[in-house]
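[1] Need coordinates for the below:
(2 chains)
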Amino acid sequence: MSTADEIAKLIEPTRGRFGEFGGQYVAETLMPAIAQLETAWRVARDDASYWAEVDDLLKNYVGRPSLLYHARRLSAEVGADVYLKREDLNHTGAHKINNCIGQAVLARRMGKRRLIAETGAGQHGVATATVAALFGLPCEIYMGAEDVVRQSLNVERMKLLGATVHPVESGTRTLKDAMNEALRDWVTNVSDTFYLIGSVAGPHPYPWMVRDLQSVIGREARRQILDIAGRLPDALVACVGGGSNAAGLFAPFVDEASVRFVGVEAAGEGVESGRHAATLGAGRIGVLHGSKSYVLTHEDDERMGQIAHAHSISAGLDYPGVGPEHAAWKVSGRAVYVARTDDQALAALELLARTEGILCALETAHAVAALDEVASIVGKSGVIIVGLSGRGDKDMVTVAQRRGALP
Amino acid sequence: MTAQLRAAFDNAAKENRAALVAYLTFGDPDPKTSIDIVEAVAQAGADVIELGVPFSDPSADGPSIQRAMERALIAGASLPGAIAAVAELRRRGVKTPIVLFGYYNPMFVMGPATFAERAARAGIDAVLTVDLPIDELDELAGPLATYGVSVIPLVAPTSTPDRIARLAGLHAPFVYYISLTGVTGSRAAAPVDPARLAQIRTASGSPVAVGFGIRTPDDARRFSAVTDGVVVGTALVDRVAAGDAAGAPARVAELVRALAAAMTRS
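    Coordinates of the predicted model:
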C-alpha cells in the first residue's frame, strides 16, 4: 500500500476538531495563513509525489525505517514481551526529524522562504535547523532562556547548523514562552515565513498534519510487529509532552480495539507537589496556543485562567498544554494516560542502559518507567511496543548532576 | 451595550473627528492605581476605554504590553479583578464606554455564561478577545449577547474579503482594524488605505477604529482624518511605566489630552 493510501486511512479532524478539541484560536492576522496551510496540506496529503519526496528523504537522509528491537533483557525485567521502536536511531537522534522533513517539503512547495520554530529540549530545534540546512533556508529558533541553559549542547548544534537561536526571557522562560515568541514572529512575518511547529499542538491544521507526518512511526511498527511476532501488540506506550511521538505511534492502530494506548506524562516532583507537567492527568480543558485541549491552568479567583508553570526534569515534556487529539482520546477512553516522576524516569533510564545498552532521552525514560504497570495488565505473554522517541546524549549533564557525578 | 459605543463614535463624527480609543492594562502598575488611571483617562477626553486583562501568555502583544501584564499579574491583577474594577469605575461615575480586551482562556475558565453575566452587571459594554477569530467567536458572543454585551472583531491587513464580509452578521458597535501585521507596539504605523477602510466599513456595517503603531498626537491627527476611531495603547502603557505609581494617572492623562486635542479639528 502506498504512503498516501495509508495516510488516507487515518482519521481527519471534523471542522478542525477532534471531538470538542482543537480549533483555531489565533489572532485574525494569522487566520489566512492557517487557511492557506490547511489547503496546501490537503493537497499534499493526497499527492503521491509529495509522499515520494518525503519518503525518499526519510529513507536516504533520516535512515528509516527505524528498527523495531525485541528487548529481551528488559522484557524479563518488566514481565512482558517488550519491543522498542527505535526513533533514537534516526538522524539527529529523535522522532522530531520525521515531522520536520514533511513540513519542510511542504514549505518549499508553498514557496515559503524562511523557517521558524520553537523548541523545548532542543530536539525539535535541532531537527528544524537540520532540514533548513538541507534545504538551504534561513532558520530562526525560539527557545526559553532556562532551556538554553539546560540544553546548551543542543544550542551549539543548532548554531553549527546555521540557525539563529533566540533565548526567550519572558514568562517562565521555557517551551510555552518560546511558542509565544514564535507566534509573535509569525504574525509579524506571515507572508514569507513558515512556522514549523514541533508537536501535535497549535491551531488546526498542525495537530492533524504533525500526527500524519509522525504516523510513519506507527505505520512501520505495525508492519514490523506483524513480521516479527506475527500478531498485533497488546499495548503501545509512549511519553506525552505535546504528544507527537505518542500520536504518531498510536494513530495507525486506532481501529484495532485490542491494542491499548498508554500515554505517559511527566509527574515531575509528584502530581500532588504541584510541580509537574501532567496536563491530561491533572489539568482541565482550556485554550492555549491556538487550540482547545487540556491545559495546566489556575482556577482560583486571583489567578483565574492564567497558565500554570509546568515542571519536569525533561525539557521536552515541560509544557502546560497537550495535543487536542490526545484530549479526545482521553475523553473517549481510547487511550489512558499515566504519569511518572523525575526520579522514576531517571531510574528507568538507568534500567534501560544496564539491561539493553541503550541510553534514551529523559523524555523517553518516562515511557520506560510505566512498563511495570502496563506489563501487569497485559501479562507475561503480552506484547508491548514502546516508542523509544530519542537518545539521551543531550541529557548526560542533567543525569550526571542527578547522580551526583557533576556539581 | 452597543448603543453607548455607537454613540461615542457618532458624537465624534458630529464633531468631524475620529473617536479616541485608549488602551490600558488593568492592574498596571497595581490594581488600585490602574483604576485611578482609567478614571483620569476618561476625564482627559478618551471616547472609549479598552481595558486589557493581563494574561500569562500574551502571544499577540509586544514587549511593552507583555511587561505591563507581567507587572499586573505580580501585583495580583486577574479577570475577576478587572470586572470589579469596571464596577468601581461606574460607581465613581465614569460613563465612558469600556471594552474589556483580553485572551480567551481566563474567560473560558470562568465560563462564558458566568463571564457574560458578571461583565454585564459590572457595566462592561463590549469584549474584544484577541484569540477568538470570527470562526471561533460564537462560543463567547452567544452568551455575551444574552446579557447585552457586544463583541468587537479584529480585522488585519491579511484578512480576506470573504472574512470581512462575515463581520456583517455581528452588528458590532465598531471594528478594530490592525494597521500592520505584527504584535502591539512593534513599529511605527503605516499609512492606511482609505479604500481599504471604506471596504471594511461597508462590509461590516460598523465604524472602523485603527490601531497598532499610533503613538503621538501627530500620528493621531493623521489617522483621525481618515478613520472613525484611533486606538492608542503601547504609548499610554509606556507612560504608566515612565515614573512612580502615584504620578501615573497624571502622566497618562496628559498624553490623552494631547491626543484628543490633536484630533479635534477647528
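
[2] And the residue of the stretch 1-150 of chain A closest to chain B?
    Going by CB to the nearest CB, chain B is nearest to A:T29 of the stretch 1-150 of chain A, at 3.9 Å. Quick note: C-beta positions are derived from backbone N, CA and C, even for glycine.

[3] my guess is that residue meets B:T160, correct?
    No: with contacts counted by CB atoms under 8 Å, A:T29 stays clear of B:T160, the gap being 11.9 Å.

[4] neighbour-wise, which of those two wins?
    More crowded of A:T29 and B:T160, by other CB atoms under 10 Å in any protein chain shown: A:T29, with 25 against 11.

[5] Now the more buried one: closest residue in space, sequence neighbours ignored.
    Leaving aside its sequence neighbours, A:T29 sits nearest to B:A156 (CB to CB, 6 or more residues apart in numbering or on different chains; 3.9 Å).

[6] Quick check: phi and psi on that neighbour?
    When quoted as degrees, to the nearest 10, the phi and psi of B:A156 stand at phi -110, psi 170.

[7] Can I take it that the residue of the stretch 1-150 of chain A closest to chain B is in a strand?
    No: counting by DSSP: H, G, I helix; E, B strand; the rest coil, A:T29 is not part of a strand but helix.

[8] Ends of stretch A:389-407, what's the gap?
    For stretch A:389-407, the first-to-last residue distance is 28 Å (CA to CA, to the nearest Å).

[9] Name all residues that make contact with residue 45.
    Picking chain A for this. A:R45 is in contact with A:4, A:7-8, A:212, counting by CB atoms under 8 Å, 6 or more residues apart in numbering or on different chains.

[10] wrong chain, I was asking about chain B
    Contacts of B:G45 by CB under 8 Å, 6+ apart are B:20, B:256-257, B:259-261.

[11] Turn the residues you listed into JSON lines, including secondary structure and pLDDT.
    Output for the contacts of B:G45, formatted as JSON lines (DSSP: H, G, I helix; E, B strand; the rest coil; pLDDT from 0 to 100):
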{"residue": "B:L20", "secondary structure": "strand", "pLDDT": "98"}
{"residue": "B:V256", "secondary structure": "helix", "pLDDT": "98"}
{"residue": "B:R257", "secondary structure": "helix", "pLDDT": "98"}
{"residue": "B:L259", "secondary structure": "helix", "pLDDT": "97"}
{"residue": "B:A260", "secondary structure": "helix", "pLDDT": "96"}
{"residue": "B:A261", "secondary structure": "helix", "pLDDT": "96"}
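
[12] Near residue 119, how many other residues are there?
    I went with chain A, as the question did not name one. 32.

[13] That was the other one, I meant chain B.
    Counted with other CB under 10 Å, B:A119 comes out at 28.

[14] Show the pLDDT at it.
    Looking at B:A119, its pLDDT stands at 98.

[15] Please name the residues that touch it.
    The neighbours of B:A119, taking CB under 8 Å, 6+ apart as the test, are B:83, B:86, B:100, B:127, B:144, B:147, B:149.

[16] So the last one versus A:A48, what's the distance?
    Yep, that's B:V149 we're talking about. Using CB to CB, to the nearest Å, B:V149 is found at 51 Å from A:A48.

[17] Could you do the third one as well?
    According to CB to CB, B:L100 stands 51 Å off from A:A48.

[18] Compare those two and say which is more crowded by neighbours.
    It is B:L100, of B:L100 and A:A48, that has more neighbours when counted by other CB under 10 Å, with 27 against 12.

[19] can you give me the helices in the stretch 51-200 of chain B?
    B:63-74, B:79-91, B:104-110, B:112-122, B:138-146, B:161-165, B:194-204 (DSSP state H, counting those that start in this stretch).

[20] tell me the most buried of those?
    Mean neighbours per residue, mean count of other CB atoms under 10 Å in any protein chain shown, is largest over those for helix B:104-110, with a mean of 24.
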